[in-house]
Each structure stands twice: as C-alpha cells, then as structure tokens.
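Asks: Got a sequence here, can you build the structure:
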Amino acid sequence: MTSDPSPHATTLPKARTGIDGFDDVTYGGLPAGRPSLVCGAAGCGKTLFATTFLVNGATLFDEPGVFMSFEERAEDLAANVASLGYDLDGLVAAGKIVVDHVKVERSEIEETGEYDLEGLFIRLGYAVDTIGAKRVVLDTIETLFAGLSDAAILRSELRRLFGWLKDRGLTAIITGERGEGQLTRQGLEEYVSDCVVLLDNRVEDQITTRRLRIVKYRGSAHGTNEYPFLIDEQGISVLPVTAADLSYEVSNEVVSTGIESLDAMFGPGGLYRGSSVLVSGSAGTGKTTISGHMVEAVCARGERCLSFVFEESGEQICRNARSVGLDLSRHVDSGLLRFEAARPTLYGLEMHLARMHRDIEQFRPHLVVIDPISALRGPEVELQATLLRMVDMLKSRGITAVFTSLRTDGAFGQAGDLGLSSLMDVWIKLQDIEANGERSRTLYVIKARGMSHSNQVREFQMAATGLKLVDAYIGPAGVLTGTARVVQEAQEEAAELRRRQESERRKREVVRRREGIQRQIAELRASLETAEEEETLLLGEDAQRETQLAGGRSDIARRRSAAE
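Replies: Sure, this is the predicted structure:
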C-alpha cells in the first residue's frame, strides 16, 4: 500500500503499517521502498512493532515479507508473537512470510581486514526472491556489528545495507537498541535511515507507560509529539492525538436519558446527541444508577454502548442494576453493551487514554460511560490534559459521553474537579440531605448548554420499578425531603381536609337555614292563601245576603203597591 489518504500527504509513496493510530501520526505509514529505524531500550516493543508491520503487510495489504532475526530463533519468535494473536507459523506455511535466524557469535568474529555484508545480501536476497517479498525486518542491527569497533567500516556497511534495500525497493524496518546519549548504540543508524521511530518505556510512580515519537521522516510531514501506545492481546495501538481542535460537528437530535421525569427537566425533553454529561455527587447518591438508565435507553434503541469502569466489574454492575428494574445483562449478551473494567493503577493516564481510543475505534459506540472519572490518579497537569483529550476524542466522533465523578464535599464549587465541569455540556449534581435521622437523595441540573432547563431541586427515589423523581417540598422551613416531606404533606392534607369539612359544614348550615326560611315562607303563603279564600268566601256571603235583602225589599214594595 503506497496510497496516503491524509490531507497532509506528500508525493512520497508510503506503506501502511496497519497499526491503529500510527498511520495517522505518520500521515500514511512508513516510506515505501525505504529503510526505517525503530529504536529503543529493551522491553519497549521494537520486535513486536516490526512483527506487526510484517504480519499486517501479509494479511491486510498482500505484501509478503521477510523477518531476519539475529537474536531470536524462529520458533521462539512465533511463540512470543502468538500472544498478540499472530499465527506466524501459519503465514510461513502459506508462503506469506519467511523467518530466517542468522546466528552471530561475537567470539567467532575477528577483524582481520575488510569486512562486508555480501553473505547477508545473498541470504536476504534469496529469501526475498523466494516469496516475492515487499517488506523486510532486520532485528536487531547491533547484533550484526557487535564484534566490530571500526566506525568507518560500520558506517560504510550500514550505507551499503540501506542502499541495497532501497535498490531492491523493499520497505524495511531495522530495529536498534538505545545507546547512551544517542538514539542507537552505534550512533550511526539514525543518520542513514529515512525514517526514525523512537519507542520508550517509562516507569513513573510504579506505573509503566509506553510512548512513541517520530524523530525524523525524510520527505514527509509527520506528527512531532510523543504518543502513548498500547501493547496487549489485541496488538499494538497508538493514540494519535495530543491536542485536538474544536472543529467537530454538533447534532440537534434529542435523545432520552431513560428517565422520563429527568427528561422533563430539560426544555427539548432530553439531551442533544453527542453531549458530554457530568453526573457528580458523593458516594451512594446514585451516579452509577443514573448512568445505567442512560445505558438502558441507548441499548433499547438498538445502539451500542461502551462502559469503562474503574471500581466494579461489569457483572457486578449488571447485578446491582437489577435491583432498580434494569436488565443490562441482555444487552451484553446481544453485543450492544460492552464493559471494559480495569483498576486505575493498571495503566498510566496516557495508556488508559490509548486503550479507550483503541476500544472506541473498534466498537464504534453511540454512548460511552466512564465511571468514575475521579478514580484516575496522577499529577494534576497530566490529569487535566488527559481529561481534555478524552472529551475532545468523544466529541470529535459525535459520541454521547457520561462521566461520573465522586465529590466528597457535596458542594457546588468547581475546586478539585480539574476543570472537568467547564468542559461538560450538561452537569447533573446529586446530593444527600440528612434530616430527621434519615438520608434523602436530591438531584438538580446545574447547567445544560443550548437548552432551557429546570432550576428546581428534585428528590429521587430508587425502587424495584426504577428511578423516580419527585418534587421536593419547599416552604417556610426550607426544603423538606424523605419522611419530613411525607409528614408535612400529610399535615397539609389533614389541614386541607379540615378546611373542606368546615366549608361543607357551613354549606350544610346555609342549606338548612334556607330550607327553614323556605318552609316559613311556604307556611305564610299558605296562611295568606287561606285568609284570602276566607275573605273571598265572606265577601260572597255578604253579597248573597245583600242580594236577598234587595230582593225582599223589592217584593215588599210590590206588594204594597198592589194593596193600594
């Protein structure tokens, strides 16, 4: 492979190594058809680096290779790299790689005149021609010149060796041991190499950290900083970022936290995808439980989640989550959820970062949980740099990140958080409130960039059915939670009941009075009607009597008239 997809590419053809991160640092890989020097002290990973370059060339880029060892036998080399998952014997049997052990005994070397590498060229050329090799590894060059002290002969033969490799168009790695005050023991190899890679294995505070630096690269730009790299059962991976810019894209998509009442505390009804969320609080406040609900929500949507835990194993977290109604084990079984558990002291800060970078690149998660970030230990300056690079690494990939942090003081202040809170898009603070002989958990949102959010203190309860946020009582006596809130609510309910009962009693009294008055009115109306009827009857009787009297008088008058 000689293509260079990097925007920093030059016209120099390059051969990709297939080592995660290293090809990014070199903007495409090692110079194709040229020799490169990989140097460092014992135990820094030179042989493994060179073997990975050779194996990846044979398996990924269809470029056969030759490994010429001056120290380890072929069977020993195959056994050593098997821990990285490399089947060197299988590749040899398939004709993809040739391993040649050249035995060099210092006691058998005597400077008696001219010294040259003609025999080595013939042997190496035969191995290259046998499989049509494109890549070559020479491990280590010091052994070949161990018995020689003439610097002029050394320089001459080194130039011949490197020139021979260039003439054959072979992309080569020559490993060299670290010298005193110089990169290699002889101090010559770095001058005739087109590319020099320095590996370092440092021990600080009893923690080992491997670092890589590109000392020089003729004809090409390259990363100039030190980069941590990791060697484990998954091979070699390099963290290619020491400082990140702020040119990453942002998303307007809103995703749920998995807690409906918590979503309601944010204006959009959730969090923006790709946000960095800090959940801080003292021990036992529920930080891991809240992050567990976020994990459940992500996996329920069919998205992947990667959780880096420093205090508990993945199985323990799954077991504990069942107490609040979360079955995270099913997501582990389905492959959507993956736990990476390690003690903070297992690696140095940069090695933790390199490990995270490697795992994220492989798993491609939508959510990353780091629980807790406060478990990491180291100098404050290094911790700040590591956290900054960690946040930028996740933001640049659009990954939603949840950081939990232990705060022993339970205060609002940012002192002691290493500037992590200022890097976060959302800060959820958990706090214990002790009153009336009990402890209650409360939650509030300190900040949420780009969205309106509630400023209310909410009490949350953890039960077998899940996590539930409830309104805390705020009154003249302050904020009441737990049983104090329950008692106060009961007292308020009793007072309300008394008010309702008194109101009902007054209503009933009014009804009774209204009914009494209405009865009185009815009785008076009936009495009036009776009197009116009696008056009408009497008037009728009087009229009747008047009529009879009038009739009588008329009859008498008529009779008198007749008598006369």
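Asks: so is the residue nearest the centre of the chain in a helix, a strand, or just coil?
Replies: When the chain is reduced to its mean C-alpha position, the closest residue under Cα atoms, centre = their mean turns out to be residue 368, at 2.1 Å. Classification of residue 368 by DSSP: H, G, I helix; E, B strand; the rest coil places it in strand.
Asks: just wondering, since we're on it, how far is it from residue 445?
Replies: Residue 368 is 21 Å from residue 445, where distance means Cβ to Cβ, to the nearest Å. To be clear about C-beta, it is placed using only N, CA and C from the backbone, and glycine gets the same treatment.
Asks: Average pLDDT for stretch 79-99, rounded please.
Replies: Averaging pLDDT along stretch 79-99 gives 88.
Asks: hmm, who's touching it?
Replies: 47-48, 51-52, 54-55, 58-59, 64-67, 69, 72, 74, 77-78, 127, 130-131, 133, 231, 233-236 (Cβ atoms under 8 Å, 6 or more residues apart in numbering).
Asks: mind listing what's buried in it?
Replies: Buried residues in stretch 79-99, counted by 16 or more other Cβ atoms under 10 Å: 81, 84, 86, 88, 89, 91, 92, 96, 97, 98, 99.
Asks: Give me the subset of these that lies in helices.
Replies: 81, 88, 89, 91, 92 (DSSP state H).
Asks: just those now: which is nearest residue 463?
Replies: Nearest to residue 463 among these: residue 81, at 52.5 Å, using Cβ to Cβ.
Asks: what separates the closest one from residue 37, distance-wise?
Replies: 20 Å.
Asks: Give me the helices and strands touching the longest helix along the chain, please.
Replies: Counting residues, the longest helix found in the chain (DSSP H) is helix 482-563. Counting contacts by 3 or more Cβ pairs under 8 Å, 6 or more residues apart in numbering; DSSP states H and E, helix 482-563 is packed against strand 426-435, strand 438-448, strand 473-475.
Asks: try 7 Å this time
Replies: Packing partners of helix 482-563 (3 or more Cβ pairs under 7 Å, 6 or more residues apart in numbering; DSSP states H and E): strand 438-448, strand 473-475.
Asks: Could you check the angle the longest one makes with strand 426-435?
Replies: Meaning strand 438-448. Taking axes from the mean of the first three to the mean of the last three Cα atoms, to 10 degrees, one finds that strand 438-448 is oriented at 160 degrees with respect to strand 426-435.
Asks: any idea which of the ones in helices among the buried residues of stretch 79-99 is closest to residue 501?
Replies: Distances from residue 501 to these, taken by Cβ to Cβ, are shortest for residue 81, at 85.6 Å.
Asks: Roughly how far does the closest one sit from residue 49?
Replies: 11 Å.
Asks: What of residue 429?
Replies: When distance is defined by Cβ to Cβ, residue 429 is 45 Å away from residue 49.
Asks: higher neighbour count, these two?
Replies: Taking other Cβ atoms under 10 Å, residue 429 and residue 49 do not tie; residue 49 has more neighbours (25 against 21).
Asks: Tell me the spacing between the more buried one and residue 17.
Replies: Counting by Cβ to Cβ, the gap from residue 49 to residue 17 is 8 Å.
Asks: Residue 34 too?
Replies: For residue 34 relative to residue 17 (Cβ to Cβ), the value is 14 Å.
Asks: what about the two, which has more around it?
Replies: More crowded of residue 34 and residue 17, by other Cβ under 10 Å: residue 17, with 29 against 22.
Asks: which residue packs closest to that one, ignoring adjacent ones?
Replies: Nearest in space to residue 17, with sequence neighbours left out and distances taken as Cβ to Cβ, 6 or more residues apart in numbering, is residue 53 at 4.8 Å.
Asks: element containing that neighbour?
Replies: helix 46-59 (DSSP states H and E).
Asks: ranking the helices and strands packed on helix 482-563 by burial, who's on top?
Replies: Among the helices and strands packed on helix 482-563, strand 438-448 has the highest mean neighbour count (mean count of other Cβ atoms under 10 Å), at a mean of 18.
Asks: and the helix or strand just after it, which residues are buried?
Replies: Per DSSP H and E, the first helix or strand lying C-terminal to strand 438-448 is strand 458-463. Residues 458, 459, 460 are the ones in strand 458-463 that count as buried (16+ other Cβ under 10 Å).
Asks: For the closest residue to residue 197 other than its chain neighbours, what is the enclosing helix or strand?
Replies: The spatially closest residue to residue 197, leaving aside those adjacent along the chain, is residue 38, at 4.7 Å (Cβ to Cβ, 6+ apart). Assigned by DSSP H and E, residue 38 belongs to strand 35-40.
Asks: packing partners for that strand?
Replies: If you count contacts as 3+ Cβ pairs under 7 Å, 6+ apart, strand 35-40 packs onto helix 46-59, strand 171-177, strand 195-204.
Asks: Show the average pLDDT along the shortest one.
Replies: Per-residue pLDDT values over strand 171-177 give a mean of 87.
Asks: What is it packed up against?
Replies: Helices and strands touching strand 171-177, by 3+ Cβ pairs under 7 Å, 6+ apart, are strand 35-40, helix 46-59, strand 135-139, helix 141-144.
Asks: okay, the angle between that strand and strand 135-139?
Replies: Here the directions of strand 171-177 and strand 135-139 differ by 10 degrees (the same axes, to 10 degrees).
Asks: Provide the strand pairings for strand 171-177, with the direction of each partner.
Replies: Here strand 171-177 is paired, per DSSP bridges, with strand 35-40 (parallel), strand 135-139 (parallel).
Asks: Those strands: which one's closest to residue 225?
Replies: Here strand 35-40 is closest among the strands paired with strand 171-177 (Cβ to Cβ), at 16.8 Å.
Asks: The residue nearest to the centre of the chain and residue 274: what is the separation?
Replies: Distance from residue 368 to residue 274, by Cβ to Cβ: 11 Å.
Asks: Give me the common contacts of the two.
Replies: Here residue 368 and residue 274 share the contacting residues residue 399, scored by Cβ atoms under 7 Å, 6 or more residues apart in numbering.
Asks: got the end-to-end distance for stretch 405-425?
Replies: Stretch 405-425 has an end-to-end distance of 15 Å (Cα to Cα, to the nearest Å).
Asks: what do you get for stretch 276-296?
Replies: 17 Å.
Asks: Rounded mean pLDDT for that stretch, please.
Replies: 89.
Asks: Kindly report the same for stretch 457-471.
Replies: Across stretch 457-471, the average pLDDT comes to 80.
Asks: How about stretch 383-392?
Replies: Here stretch 383-392 scores 82 as its mean pLDDT.
Asks: Ok, stretch 222-237 next?
Replies: 80.
Asks: Show me what counts as buried in that stretch.
Replies: Buried residues in stretch 222-237, counted by 16+ other Cβ under 10 Å: 222, 223, 226, 227, 228, 229, 230, 231, 235, 236, 237.
Asks: Need those residues in TSV (columns: secondary structure and distance to residue 402).
Replies: Formatted as TSV, these follow (DSSP: H, G, I helix; E, B strand; the rest coil; distance: Cβ to Cβ, whole Å):
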residue	secondary structure	distance to residue 402
222	coil	35
223	coil	30
226	coil	30
227	strand	27
228	strand	24
229	strand	27
230	strand	23
231	strand	29
235	strand	28
236	strand	29
237	strand	24
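Asks: which residues in the stretch 151-300 of the chain form strands?
Replies: 171-177, 195-204, 207-217, 227-232, 235-238, 254-255, 271-272, 276-281 (DSSP state E, counting those that start in this stretch).
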